[in-house]
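Student: Next input, structure requested:
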Amino acid sequence: MSVFKKLKELFILPFSRKAPTELLGEADQWAVLRNSINAQSFIISAGVGRSITFEEAIIEKFDATVILLDPSPTGVETMRKKTDKRNIDFLEMGLASQGGEISFGRPDRTDEGSFRKGGKEEGIVFECISLDELLAKYDKNKIDLLKIDVEGFEYEIIESIFEKKLDVEQICVEIHHNKVIAIDKTVADAALLIIKLFRHGYRVIYNRNMDFTFSKQQRLVGAN
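Tutor: So this is what the prediction gives:
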């Protein structure tokens, strides 16, 4: 039995089948726990890429403000072309476990354009910010929804949630590994990350391929 088949049986299917979710977005679609977002929710979304239909759906449905981050030329160009920036606060920065200049790698596919986690030898550096710095910047003590599609940086970002004991209610994340893009994380690392989230009280409420939505277990009690 494969690692992920066993993971699905133990940690994913028992919860994702029962959780009341709603799908948002078109080109980039994610699920969130139903009735979990409103206009006052503090929402951080890292990774613009070529589409923000998920974030646009959140704004349209809930009139919430979304903090969007992406330092890459791809993401910056996507936001430059967007004429309606209502309820969007775009930061031309990356999200990482710590702030400052962080090394990135060039996209594996230039047509797709996603800059990935890389090393100093690749010579690409972007300014980054951490979740605790964002909470301080916006004078918040809780993140209602965090979306991270950040090409390998998700491991350190999620570890920082545990280490700094940050209050993050829901996490939408694409978990990458070296069978997908050129990073130093394996399938086993991806599986371990899911298990760590489970041990820290998160449950999978949505899964499609390597896209996951995790919710704190206590949020699922009485959810409808």
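Student: In three-state terms, label the residue nearest to residue 86 when sequence neighbours are not counted for me.
Tutor: Of all residues not flanking residue 86 in the chain, residue 59 sits nearest, at 6.7 Å (Cβ to Cβ, 6 or more residues apart in numbering). Placement of C-beta: from N, CA and C, glycine included. When classified by DSSP: H, G, I helix; E, B strand; the rest coil, residue 59 comes out as helix.
Student: quick one: residue 59 from residue 170, how far?
Tutor: 17 Å (Cβ to Cβ, to the nearest Å).
Student: And residue 38, by the same measure?
Tutor: For residue 38, the distance to residue 170 - Cβ to Cβ - is 13 Å.
Student: One more: residue 89?
Tutor: According to Cβ to Cβ, residue 89 stands 19 Å off from residue 170.
Student: With residue 72 instead?
Tutor: 25 Å.
Student: now residue 127
Tutor: Applying Cβ to Cβ to residue 127 and residue 170 gives a distance of 26 Å.
Student: of the two, who's got more company?
Tutor: residue 170 (25 against 14; other Cβ atoms under 10 Å).
Student: Output the below-cut-off pLDDT ranges for this protein.
Tutor: 1-17, 222-224 (pLDDT under 70).
Student: In it, mark out all the helices, start to finish.
Tutor: Applying DSSP state H to the chain gives helices spanning 3-7, 13-16, 53-62, 73-81, 131-137, 154-163, 187-199.
Student: buried stuff in the last one?
Tutor: The neighbour-count criterion (16 or more other Cβ atoms under 10 Å) identifies 187, 190, 191, 193, 194, 197, 198 as the buried residues of helix 187-199.
Student: could you dump the helices of the chain to TSV with distance to residue 107?
Tutor: Putting the helices of the chain into TSV (distance: least, Cβ to Cβ, whole Å) gives the following:
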stretch	distance to residue 107
helix 3-7	25
helix 13-16	30
helix 53-62	20
helix 73-81	7
helix 131-137	24
helix 154-163	17
helix 187-199	20
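Student: Tell me which of those helices sits nearest to residue 145.
Tutor: With Cβ to Cβ as the measure, helix 53-62 is the member of the helices of the chain nearest residue 145 (7.9 Å).
Student: Does the closest one pack against any helices or strands, and if so which?
Tutor: Judged by 3 or more Cβ pairs under 8 Å, 6 or more residues apart in numbering; DSSP states H and E, helix 53-62 is in contact with strand 21-24, strand 43-46, strand 66-69, strand 143-148.
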